[in-house]
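> Need coordinates for the following:
(one chain, ligands or ions: 1)
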Amino acid sequence: MKQNKLYLNYAEHLQQRYGEKVYKLPINLPGTCPNRDGTVGYGGCIFCDEEGSGFECLSNTLAVEKQLAENKAFFKKRFNAQKFIAYFQAFTNTYLPLEDFKRNIRAVSESEDLVGISISTRPDCINEQYLEFLAEISKEKSLDITIELGLQTVNYHALQQINRGHTLAEFIDAVMRIKKYKFAVCAHVILNLPWDNELDVVENAKIISALAVDYVKLHSLYVVKNTKLGELYRDNKITIISLNEYIERVILFLEYLQPGTVVQRLVGKGPQGNLYFCNWDTSWWKIKSLIEEKMEAKGTFQGKKFDYLNGKAVKSML
Ligand code: SF4
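Next up, the predicted model:
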């Protein structure tokens, strides 16, 4: 495999850690989200569609074991895949009664060829009882646990604009609690929220680095019809930066990101259909190539500007 020197690439990281290619198998639990059912808010984040970001998954009416088996069979046949991570992707997977959560995680953990379990959730749905249970499973089955947290931005004013229902504090609390159990943390960040500028992009990278977050997934904002964000876009109340500006923001983010954080994505895939806007009508792999080409041309790389922690002001006195 060609080594990527521009940033720490997820596929290469998995290859090094597990000695071969590892595939993520999406699992879709019937669930909801506290930001939809009234526990912390109604209507959800302004960009969220009805599927709760589970558009790549099988139906949630199928048992988790069946979803896992079907997805595994597909990857084995198509790619001769041998090792897998079970990925609880849609909605808020720790927003389940504890016993239901345990049952689903146990069911999945019995599967052969698993090296890990990855669980998507919100920062305000991290509780130590769930983490305790995951620690037991991790030990019992020798599985790596990753918790994927939707941060979106560290700009708490923008978090309010997108109706996230939590602020930056809950993210910091969640990361610190998860780290106590030695699980990995993945932060999801949207780099082109209309309420954010380059300063916020840099601060995203700095806070993620200061908290030693293990993985990041970068997304560009997509605009689904029949959402609050869709209404704002249709009525020209928001503008979305150009593709070139998005590329510049990704590069800026990577320059400030600590060299040890693994980058799972530079841009999200976005759902199909029913959209006002998605990735400038450009495929995600083309955007990824454009970012990498520009980084090469500029002679830049992840961590180039990572010099701000551990008392920057006193370093010259040592
Ligand atoms: S937290 Fe996730 S599932 Fe819940 S409303 Fe926001 S995007 Fe949708």
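> and Asn60, which of the three is it?
Of the three states, Asn60 takes coil according to DSSP: H, G, I helix; E, B strand; the rest coil.
> right, and it touches Leu29 too?
Yes: with contacts counted by C-beta atoms under 8 Å, Asn60 reaches Leu29, the gap being 6.0 Å. In this view, the C-beta of every residue, glycine as well, is placed from N, C-alpha and C.
> Have a look at these two and say which one is more surrounded.
Higher neighbour count among Asn60 and Leu29: Leu29, with 22 against 18, using other C-beta atoms under 10 Å.
> So that one belongs to a helix, correct?
No: Leu29 is assigned coil when assessed by three-state DSSP, not a helix.
> what's the pLDDT at it?
Confidence at Leu29, expressed as pLDDT, is 84.
> what residues are shared contacts of Asn60 and Leu29?
Ala90 (C-beta atoms under 8 Å, 6 or more residues apart in numbering).
> ok, the residue in the stretch 201-318 of the chain positioned nearest to the ligand - contacts?
Closest approach between the stretch 201-318 of the chain and the ligand, counting by C-beta to the nearest ligand atom: Thr227, at 9.8 Å. The contact partners of Thr227, taken as C-beta under 8 Å, 6+ apart, are 46-49.
> what comes into contact with stretch 167-184?
Outside stretch 167-184, the residues touching it (C-beta under 8 Å, 6+ apart) are 123-124, 126, 128, 131-132, 134-135, 138, 144-147, 149, 151, 154, 156, 159-160, 185, 187, 207, 211-215.
> Now, those residues that are in strands?
144-147, 149, 151, 185, 187, 215 (DSSP state E).
> Adding distance to Val64, pLDDT and neighbour count, write these out as CSV.
Converted to CSV, those look like this (distance: C-beta to C-beta, whole Å; pLDDT from 0 to 100; neighbours: other C-beta atoms under 10 Å):
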residue, distance to Val64, pLDDT, neighbour count
Asp144, 19, 98, 16
Ile145, 16, 98, 19
Thr146, 17, 98, 20
Ile147, 18, 98, 30
Leu149, 21, 97, 23
Leu151, 26, 97, 29
Val185, 23, 98, 25
Ala187, 25, 98, 27
Tyr215, 23, 98, 21
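> Now the helix or strand containing Arg17: buried residues?
Arg17 is part of helix 10-18, with elements assigned from DSSP states H and E. Within helix 10-18, the residues that count as buried by 16 or more other C-beta atoms under 10 Å are 10, 13-14.
> Return the list of helices and strands in contact with that helix.
Contact analysis of helix 10-18 by 3 or more C-beta pairs under 8 Å, 6 or more residues apart in numbering; DSSP states H and E lists strand 262-265 as its packing neighbours.
> Check which residues of the strand it packs on are buried.
Counting neighbours by 16+ other C-beta under 10 Å, strand 262-265 gives 262-265 as buried.
> quick check, nearest of those to Met295?
The closest of the buried residues of strand 262-265 to Met295 turns out to be Val263 (C-beta to C-beta; 11.6 Å).
> what sits against the closest one?
7-10, 215-216, 218, 254, 257, 302.
> pLDDT at the residue nearest to the spatial centre of the chain, what is it?
For the chain, the residue nearest the mean C-alpha position is His188 (3.3 Å; C-alpha atoms, centre = their mean). pLDDT, His188: 97.
> Is it bridged to anything, and to what?
Taking DSSP bridges, one finds Gly150, Lys217 as the beta-bridge partners of His188.
> wait, isn't it in contact with Tyr215?
No: under the criterion of C-beta under 8 Å, His188 makes no contact with Tyr215, lying 9.6 Å away.
> Touching both of the two, which residues are there?
With C-beta under 8 Å, 6+ apart, His188 and Tyr215 have common neighbours Glu148.
> ok, back up a step: tabulate the ones in strands among the contacts of stretch 167-184 (a markdown table), appending distance to the ligand.
Listed next are those as a markdown table, based on distance: C-beta to the nearest ligand atom, whole Å:
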| residue | distance to the ligand |
| --- | --- |
| Asp144 | 23 |
| Ile145 | 20 |
| Thr146 | 17 |
| Ile147 | 14 |
| Leu149 | 10 |
| Leu151 | 11 |
| Val185 | 16 |
| Ala187 | 14 |
| Tyr215 | 18 |
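> picking that back up, which of the contacts of Thr227 fall in helices?
Using DSSP state H to define helices, no part of these is located there.
> Could you give me the PyMOL selection string for whichever of the residues you listed are buried?
The PyMOL selection below is limited to those of the contacts of Thr227 classed as buried (16+ other C-beta under 10 Å):
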select buried, resi 46+47+48+49
